[in-house]
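need a structure here:
(one chain, ligands or ions: 1)
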Amino acid sequence: MYNRNRYRSTRSSAGVNPQYNRSEFALLDHVIRDVQEKGNTGAAASVNRSYLAGSLTLLVLLIAPLAVWIAWSIGRSDASIDVESSRFQVSGESMAPTLMGEHRLASCPRCALLWRVHPGVTGDDSSALQCAHCGDLMDLIDPRVKGRNASTVAADMLEITDLDPNFPLARGELVAVSWEGQLHVKRIAAVAGDTVDLERLKLLVNGIRVEDLLVSHSSDFPLPKFLVDDDARRRESRWAAAQESPLWERTPAAKWRYHAKGDSPWLVYHHQSIHSANRSSPVRDDYPFNVGLVRQLESVDRLFLGGSAAVHDDRILEVAFFSEHGNVIATANLPKTETGESRPFQLSYHDGIEAPELPVAANSPVAVRVRGGGAELSQLSIERLVEYRIRRRDSRTDYPLRVGSGEYFLLGDNVPVSVDSRQLGTFSSSQIAGRVIGVERSKSMRDSL
Ligand SMILES: [Zn+2]
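Numbering: from 1, shown residues only. Okay, the predicted model is just below:
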């Protein structure tokens with residue numbers, strides 16, 4: 001029944017979704033889930049009570065992992081694939097949210113946000129259906145509503161091409177890598193000659209945190225960002241003026257107005273975690289797709305602030321970002337806008353320079369002010385960047401690790417879950433089966449987070 005030659009024959013034809021057989025072309029990387037014990041910092045992810053049944057599955061995984069690694073495999077272990085490009089359905093969660101395997105959608109009635117959730121989540125999984133933005137219980141969207149049959153959930157389609165010796169693989173790219181007879185998609189974090197090291201749990205390449213190194217790389221698959229706070233979707237804002245200054249006023253439409261002349265006071269964002277009953281907390285690396293996993297959450301400090309500004313005259317926007325190793329301030333010009341017009345902006349930790357005495361801290365990691373006079377800020381939205389770190393199960397004795405000739409250090413974007421070089425060490429170029437050059441998003445998923 002299985003015919004490996006068919007693997008070679010799935011050509012991509014632009015704009016056409018060829019027939020494919022999932023059982024033959026799925027990329028399998030979903031069978032190992034993180035089963036670390038519940039966290040010991042008080043910041044552990046919520047334990048999904050109804051995942052107890054799932055834990056039995058995990059037990060099976062621990063006892064007989066090989067049995068689970070099979071299924072409909074592509075079955076090739078040799079490196080070269082003699083096709084120009086091929087299309088595959090993504091399976092599994094190790095590259096989420098950059099690439100999504102099968103998943104379902106849930107909507108928050110309070111925030112009107114759509115989140116991707118694990119395909120196994122049911123309406124009874126209350127903690128897995130907790131909105132990551134507000135903590136309210138979400139409604140699971142029946143896939144049948146999207147015109148699919150009841151047993152089908154959405155997944156991205158992927159286009160993979162042969163390697164071209166004229167275009168060597170670079171950091172930040174996605175590749176299909178083969179091990180144990182299956183293909184997996186990973187991101188290249190380090191190439192030959194690079195040194196991978198640790199700073200506490202965080203991964204460094206040549207002395208720079210991986211996400212800091214890769215965030216500026218232009219790529220068809222930029223590093224994923226995750227929504228932390230969308231002020232326009234909150235009735236009670238998490239932003240507040242420093243020292244309770246009355247000069248910042250929030251309108252019913254969630255616009256922040258500063259009326260006075262001269263520099264505004266700081267407007268500070270105060271984070272709260274749904275995992276601690278919406279009490280004050282650092283921003284952590286939770287992600288709705290992983291909510292059902294029992295794992296330890298870690299704090300993150302690579303944040304973005306987006307918004308829109310309306311100003312009667314030229315102003316300067318200053319944004320302060322908290323970082324474990326020194327707070328930074330980022331600056332942008334706000335040119336005068338016409339009446340009724342507002343102009344979007346986005347600033348990140350990476351735009352900033354270190355500065356002392358900024359009004360930010362772990363639990364209040366972003367602050368903004370306007371220099372020069374009145375302004376109206378709207379749509380204030382905070383995102384976090386994926387941060388790459390090792391987990392408890394990963395060896396720490398391997399570092400520093402120098403990547404040898406013809407080797408790659410590969411990571412999955414779903415950092416708590418992915419099986420990659422943190423466990424398996426570097427991969428050789430002979431294991432790289434192709435370069436990921438495109439993705440076709442499942443149509444019903446485009447507005448979801
Ligand atoms: Zn919500």
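
need the contact list for the residue nearest to the spatial centre of the chain.
Nearest to the mean C-alpha position of the chain, by CA atoms, centre = their mean, lies residue 224 at 3.9 Å. Neighbouring residues of residue 224 by CB atoms under 8 Å, 6 or more residues apart in numbering: 97-98, 385-386, 413. Glycine gets a C-beta too; all of them are placed from N, C-alpha and C.

These into CSV, with extra columns for pLDDT?
Putting the contacts of residue 224 into CSV (pLDDT from 0 to 100) gives the following:
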residue, pLDDT
97, 90
98, 92
385, 97
386, 96
413, 96
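
out of those, which are inside strands?
residue 385 (DSSP state E).

Buried only: go through the contacts of residue 224 for me.
The neighbour-count criterion (16 or more other CB atoms under 10 Å) marks 97-98, 385-386, 413 among the contacts of residue 224 as buried.

just curious, which of those is nearest to the ion?
residue 97 (17.3 Å; CB to the ion).

quick one, phi psi at the closest one?
phi -90, psi 10 (degrees, to the nearest 10).

Check what pLDDT the nearest residue to it once chain neighbours are set aside gets.
The shortest distance from residue 97 to any non-neighbouring residue, by CB to CB, 6 or more residues apart in numbering, is to residue 224 (5.1 Å). Residue 224 carries a pLDDT value of 94.

Tell me how far residue 224 lies from residue 209.
Distance, residue 224 to residue 209, by CB to CB, to the nearest Å: 15 Å.

cool, and residue 338?
Counting by CB to CB, the gap from residue 338 to residue 209 is 41 Å.

Which one's more surrounded, the two?
residue 209 (20 against 9; other CB atoms under 10 Å).

Okay, and the beta partners of the closest residue to the more buried one other than its chain neighbours?
The shortest distance from residue 209 to any non-neighbouring residue, by CB to CB, 6+ apart, is to residue 202 (5.7 Å). For residue 202, the beta-bridge partners are residue 199, residue 389 (DSSP bridges).

quick one: residue 202 and residue 388 touch, right?
Yes. If you go by CB atoms under 8 Å, residue 202 and residue 388 touch, sitting 7.2 Å apart.

neighbour count winner among the two?
The residue with more neighbours, out of residue 202 and residue 388, is residue 388; 25 against 19, by other CB under 10 Å.

so the residue of the chain most remote from its centre, which of the three states?
Relative to the centre of the chain, the most outlying C-alpha is that of residue 261, 40.0 Å out, by CA atoms, centre = their mean. Look at residue 261: counting by DSSP: H, G, I helix; E, B strand; the rest coil, its state is coil.

swap in residue 275?
Per three-state DSSP, residue 275 ends up helix.

can you give me the end-to-end distance of stretch 206-224?
In stretch 206-224, first residue to last residue: 22 Å (CA to CA, to the nearest Å).

what do residue 202 and residue 388 both touch?
With CB under 8 Å, 6+ apart as the test, residue 202 and residue 388 both reach 209-210.

Burial check on whichever residue of the stretch 251-400 of the chain sits closest to the ion, number of neighbours?
Among all residues of the stretch 251-400 of the chain, residue 274 sits closest to the ion, at 8.9 Å; criterion: CB to the ion. Per other CB under 10 Å, the neighbour tally for residue 274 reads 19.

Let me see the contact set for the residue lying closest to it once chain neighbours are set aside.
Nearest residue to residue 274, sequence neighbours excluded (CB to CB, 6+ apart): residue 135, at 3.6 Å. By CB under 8 Å, 6+ apart, the contact list for residue 135 reads 274, 277-278.

can you rerun that using 10 Å?
46, 108, 110-111, 272-275, 277-278 (CB atoms under 10 Å, 6 or more residues apart in numbering).

where does it land in three-state SS?
With three-state DSSP as the criterion, residue 135 reads coil.

and the gap between it and residue 204?
34 Å.

what do you get for residue 228?
From residue 228 to residue 204 the distance is 24 Å (CB to CB).

So between those two, which is more surrounded?
residue 228 (23 against 20).

Make sure the more buried one is actually in contact with residue 132.
Yes. The pair residue 228 / residue 132 is scored as a contact, 8.8 Å apart, by CB atoms under 10 Å.

Give the residues shared as contacts by those two.
residue 286.

Would you list the phi and psi of residue 364?
phi -130, psi 70.

how deep is it tucked in, by neighbour count?
Residue 364 has 21 nearby residues by other CB under 10 Å.

Tell me which helix or strand residue 434 sits in.
Assigned by DSSP states H and E, residue 434 belongs to strand 432-440.

Give me the buried positions along that strand.
432-436, 439.

Also stretch 267-284?
267-275, 281-284.

Could you find the lowest-pLDDT member of those?
Comparing the buried residues of stretch 267-284 by pLDDT, residue 275 comes last, at 81.

Distance of that one relative to residue 286?
The value you get for residue 275 to residue 286, if CB to CB is used, is 7 Å.

So, low pLDDT: which residues of the stretch 101-250 of the chain?
Within the stretch 101-250 of the chain, the stretches with pLDDT under 70 are 143-153.

Now do the strands in it.
104-107, 114-117, 139-141, 157-161, 174-179, 182-191, 195-199, 202-205, 208-209, 225-230, 239-241, 248-250 (DSSP state E, counting those that start in this stretch).

can I get these in JSON lines with distance to the ion?
Output for the strands of the stretch 101-250 of the chain, formatted as JSON lines (distance: least, CB to the ion, whole Å):
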{"stretch": "strand 104-107", "distance to the ion": "9"}
{"stretch": "strand 114-117", "distance to the ion": "9"}
{"stretch": "strand 139-141", "distance to the ion": "11"}
{"stretch": "strand 157-161", "distance to the ion": "29"}
{"stretch": "strand 174-179", "distance to the ion": "31"}
{"stretch": "strand 182-191", "distance to the ion": "29"}
{"stretch": "strand 195-199", "distance to the ion": "34"}
{"stretch": "strand 202-205", "distance to the ion": "30"}
{"stretch": "strand 208-209", "distance to the ion": "30"}
{"stretch": "strand 225-230", "distance to the ion": "9"}
{"stretch": "strand 239-241", "distance to the ion": "17"}
{"stretch": "strand 248-250", "distance to the ion": "19"}
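
Domains in the chain, by residue range?
Domain assignment for the chain, taken from automatic domain parsing, gives 5-193+408-445, 226-385.

mind checking how far the last one is from the chain centre?
So that's domain 226-385. Centre-to-centre, domain 226-385 and its host chain are 19 Å apart (CA atoms, centre = their mean, to the nearest Å).

and it, how far apart are its ends?
For domain 226-385, the end-to-end distance is 6 Å (CA to CA).

Now do the contacts for residue 314.
333-337, 372-373.

Residue 346: which of those residues is nearest?
residue 334 (12.8 Å; CB to CB).

does residue 422 belong to a helix or a strand, and which?
Per DSSP H and E: helix 421-424 holds residue 422.

Mind exporting the C-alpha coordinates of that helix to PDB?
Written as PDB, here are the backbone C-alpha positions of helix 421-424 (Å, rounded to 0.1, in the frame of the first residue of the first chain):
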ATOM      1  CA  SER A 421      18.700  20.100  18.900                       C
ATOM      2  CA  ARG A 422      18.200  20.800  22.500                       C
ATOM      3  CA  GLN A 423      17.600  17.100  23.000                       C
ATOM      4  CA  LEU A 424      19.100  15.600  20.000                       C
END
